[in-house]
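Colleague: Kindly generate the corresponding structure for this input.
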Amino acid sequence: MNAASLIQAVKDRFPAGVKASHSYRGDATVILGREFLLEAARMLKEDTLFQMNFLMDLTAVDFSTFGTKRSPAFFANSGIAVSPSPEIPDADPWPGPPGGHPSAGAAPGTPGPARFVVVYHFFSLPLKHRLRLEIPVGEVEEAEPEVDSLSSLWASADWLEREVWDMFGIRFRGHRHLKRILMYEGFVGHPLRKDYPVNKRQPLIGPVN
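Modeller: Got it, this is the predicted structure:
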């Protein structure tokens, strides 16, 4: 199926779960409510229309500082960046993070845009089509963002979810052994969060001499 057909097929099966969708740069992308994740993932794997038997990647993005400052476009040649150029015009601009800019906050009494997005890339080896699934988590006042684990469906999700937990502090409900995989157990914080202090001293490093 092409990108538009894939997106429509997911919408038809989860009309209440799909928050938004797009096919920016030709990549079929569906933004789904977290409560539908496990059911939708099982459908993507087992339904003959999708046959997404390969979980290519599972990662996350922290949008908490997105849009707070302008990043000019620049060109690089042989690994050396040259002076910034004007912003490159784009007839098909990226739609932006789900729900808008988290930094903008939300009106009183309304749920705000999610700080984090958990991103899944699925591929069907038999049918040769791919789908990106985005799950917004970490809304306003949510101390510990959490989504369901997909490790019961794809064994590869085990390590990938551990990496996201380690780096971003997003928990995966139902994971059998959610522990750090890159940082050591005594490490404090999650280093890919935008508010992680770059000069933070960790327990095994000790104080500055």
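Colleague: What segments of this protein are strands?
Modeller: With DSSP state E as the criterion, the chain has strands at 18-22, 29-32, 54-62, 76-77, 80-81, 116-123, 130-137, 146-148, 171-173.
Colleague: How much space separates the nearest residue to Asp57 once chain neighbours are set aside from Arg176?
Modeller: Sequence neighbours aside, His121 is the residue nearest to Asp57 in space, at 4.4 Å (criterion: Cβ to Cβ, 6 or more residues apart in numbering). (C-beta placed from N, C-alpha, C; glycine too.) In this structure, His121 lies at 23 Å from Arg176, with Cβ to Cβ, to the nearest Å as the measure.
Colleague: So for those two, which residue has more residues nearby?
Modeller: Neighbours per residue, other Cβ atoms under 10 Å: of His121 and Arg176, the larger number sits with His121, 17 against 9.
Colleague: hang on, the more buried one packs against Trp154?
Modeller: No - with contact defined as Cβ atoms under 8 Å, His121 does not count as touching Trp154 (11.5 Å).
Colleague: Which residues are in contact with each of these two?
Modeller: When contacts are counted by Cβ atoms under 8 Å, 6 or more residues apart in numbering, His121 and Trp154 are jointly contacted by Leu55.
Colleague: so where is this protein shaky, pLDDT-wise?
Modeller: Counting by pLDDT under 70, the chain has low-confidence residues at 70-89, 100-112, 140-142, 206-209.
Colleague: try it again with 50
Modeller: Across the chain, the ranges flagged by pLDDT under 50 are 74-84, 106-111.
Colleague: Which parts of the protein are helices?
Modeller: Shown for the chain, the helices assigned by DSSP state H span residues 3-13, 37-46, 157-168.
Colleague: gap between the last one and the chain center?
Modeller: Average the C-alpha atoms of helix 157-168, do the same for its chain, and the two points are 12 Å apart (Cα atoms, centre = their mean, to the nearest Å).
Colleague: Also the shortest one?
Modeller: Here the centre of helix 37-46 is set off from its chain's centre by 17 Å, with Cα atoms, centre = their mean.
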